[in-house]
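quick one: sequence plus predicted model below, questions after.
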Amino acid sequence: MGEGKRGRLRVGVVFGGRSGEHEVSLLSAASVMAALDPAQYEVVPIGITKEGSWLAGPAALERLRAAAMLPASGAMKALAAANPRFDPADAHEVGLLPDPSRRGQLERLTPGAVREAGGGEAGGGTVTLATVDVVFPVLHGPFGEDGTIQGLLELAGLPYVGAGVLGSALGMDKIAMKDVFRARGLPVVRYIGLTRAAIEADPPAAERPVLDQLRLPVFVKPANLGSSVGITKVRAPDELGKALRIAARYDRRVIVEEGAPNAREIECSVLGNDFPEASVPGEVIPSREFYDYCAKYIDDDSSLVIPAELPAEVAQEVRRIAVAAFLALDCAGMARVDFFVGRDDNRITLNELNTIPGFTTISMYPKLWQASGISYEELLKRLIALAIERHRDRQRSKTTYSPFEEPGGRYDG
């Protein structure tokens, strides 16, 4: 595997994307890039615009931040200060070919002389702007957390942080995820899945099974989205139609979940590949009625209690179920698992699993590991090592077959 200057690994940090969580991704990526040890890693910023174009170069994050009209975070300011020769134009449109023989080369899509990662000059035509050894996707939501970019990276033969195609797809789709959890006997709330086509074709017919089978209040969500985008709490039957239409703006599949009454919101982080471990649980105390987008990213009043004040046996069971959920979806690297725990009876209900959780230094995933004894910087190091470990394990799988190679095998054709 090739390495950057002075033996450093070149880490392509991918952020932005075609998702309602685009802005959240920029904040997470800035924190990751600012914390990666420059003595061990050479960071290659790779931004994906809301239209889907790929930009690589030192200015990629700033270009996307400005386009999103997002205020600069502390991590973004730190990155700018660390690059005194920062050029706002130093971000070029690139493409990643799904060809493992190209060894992670980012090809510039427009002709002209550009500065390569090694410092040399290249002539006109298609040129390699940079080469990466491992990819750290910090993409939240569709086209980033759902298995799509993971499939591209598999085709390109690149190690990458986080779950593979299957785990990512299952972790993104709340209906499929809960189907797997329920099949594994894990405790989930009652739920119903609907399609946008059914909602638009006959709204009363779409609403009927919800009102007949679930107890109000219910939560209506896009099946494939995160950060609480498009979620509505429905308390009365006449609120359901509007909630379904809101959720259907963001995805073609909608999930309606029965509320967990009088419950605390508990989260647990998981780290590892085939033998994962769970962090101490933490509790989210939202500033609003539930932990919606504003409570997560806009208000300053939500608080985190780490570790959560739970009886020891309840905390241990939360950790056990978190690992079981991680393995049920065939996840890898990292995941944050969210729960409801009853205030009166400590009943545990598994809510969902996030394969690429928020990754700012104040996000729950890294804070839970910090409370468990792993710093933010060490966590990034472990995740990159897990990505390479998993890639090497996948490379052990044979891609050719001959019946003569199997014990006792023979050709009968």
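Sure, I can see it. Source: prediction; values computed, not measured. Residues are numbered from 1 along each chain as shown.

Ile175: neighbour count?
18 (other CB atoms under 10 Å). (Each C-beta comes from the backbone N, C-alpha and C, glycine too.)

quick one: secondary structure of it?
With DSSP: H, G, I helix; E, B strand; the rest coil as the basis, Ile175 sits in helix.

OK, contacts around Leu353?
Contact analysis of Leu353 by CB atoms under 8 Å, 6 or more residues apart in numbering lists 171, 177, 325-326, 329, 331, 335-338.

among these, which lie within helices?
The helices, defined by DSSP state H, take in 171, 177, 325-326 from these.

tell me the buried residues within the residues you listed.
Neighbour-count burial (16 or more other CB atoms under 10 Å) applied to these gives 171, 177, 325-326.

can you name the two of these that sit furthest apart?
Met177 and Phe326 (11.7 Å; CB to CB).

just give me how far the strand or helix carrying Val13 sits from the chain centre.
Assigned by DSSP states H and E, Val13 falls within strand 9-16. Chain-centre distance of strand 9-16: 14 Å, with CA atoms, centre = their mean, to the nearest Å.

contacts only, for Gly241.
Counted by CB under 8 Å, 6+ apart, Gly241 has contacts 203, 207.

check the offset of the helix or strand containing it from the chain's centre.
Here Gly241 sits within helix 240-248, counting by DSSP H and E. Offset of helix 240-248 from its chain centre (CA atoms, centre = their mean): 25 Å.

can you give me the mean pLDDT across that helix?
Per-residue pLDDT over helix 240-248 has a mean of 97.

what does the helix or strand just after it rub up against?
Toward the C-terminal end, the helix or strand that comes next after helix 240-248 (DSSP H and E) is strand 253-258. Applying CB under 8 Å, 6+ apart, the contact partners of strand 253-258 are 173-175, 178, 189-196, 199, 210, 214-215, 218-224, 244, 247-248.

sorry, back to before: which of the contacts of Leu353 sits closest to Arg264?
Closest approach between those and Arg264, by CB to CB: Asp338, at 11.3 Å.

per-residue pLDDT, the closest one?
Asp338 is given a pLDDT of 97.

so it bridges to which residues?
Asp338 has the following beta-bridge partners by DSSP bridges: Glu267, Glu352.

got the CA coordinates for stretch 60-80 in CSV?
What follows is stretch 60-80, C-alpha atoms only, in CSV (Å, rounded to 0.1, in the frame of the first residue of the first chain):
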residue,chain,number,x,y,z
ALA,A,60,-12.7,21.9,-0.7
LEU,A,61,-14.1,22.3,2.8
GLU,A,62,-14.2,26.1,2.6
ARG,A,63,-15.9,26.0,-0.8
LEU,A,64,-18.7,23.8,0.5
ARG,A,65,-19.0,25.8,3.7
ALA,A,66,-19.4,29.0,1.8
ALA,A,67,-21.9,27.5,-0.6
ALA,A,68,-24.0,26.2,2.4
MET,A,69,-23.7,29.6,4.1
LEU,A,70,-22.6,27.8,7.2
PRO,A,71,-20.7,29.7,10.0
ALA,A,72,-17.1,28.6,10.4
SER,A,73,-16.7,26.2,13.4
GLY,A,74,-13.7,26.3,15.7
ALA,A,75,-12.3,23.3,13.9
MET,A,76,-12.7,25.0,10.5
LYS,A,77,-10.9,28.1,11.8
ALA,A,78,-8.1,25.9,13.2
LEU,A,79,-7.7,24.2,9.8
ALA,A,80,-7.4,27.6,8.0
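
what residues sit buried inside stretch 340-352?
340-341, 348-352.

which non-adjacent residue is nearest Ala197?
Computed as CB to CB, 6 or more residues apart in numbering, the closest residue to Ala197 that is not its neighbour in sequence is Arg252, at 7.3 Å.

centroid-nearest residue for the protein?
Ile356 (2.0 Å; CA atoms, centre = their mean).

please name the nearest non-neighbouring residue to that one.
Excluding the flanking residues, the one nearest Ile356 by CB to CB, 6+ apart is Glu145, at 4.6 Å.

return the closest of the ones in helices among the contacts of Leu353 with respect to Asn83.
Distance to Asn83, by CB to CB, is smallest for Gly171 among the ones in helices among the contacts of Leu353, at 34.0 Å.

just checking, that closest one touches Val180?
No. With contacts counted by CB atoms under 8 Å, Gly171 stays clear of Val180, the gap being 9.7 Å.

report how many residues lie close to the nearest residue to Ala75 once chain neighbours are set aside.
Closest residue to Ala75 apart from its sequence neighbours, by CB to CB, 6+ apart: Ala30 at 3.9 Å. By the criterion of other CB under 10 Å, Ala30 has 30 neighbours.

between strand 9-16 and the helix or strand where Ala30 lies, find me the angle.
Here Ala30, judged by DSSP H and E, is contained in helix 22-35. Between helix 22-35 and strand 9-16, the angle comes out at 160 degrees (axes from the mean of the first three to the mean of the last three CA atoms, to 10 degrees).
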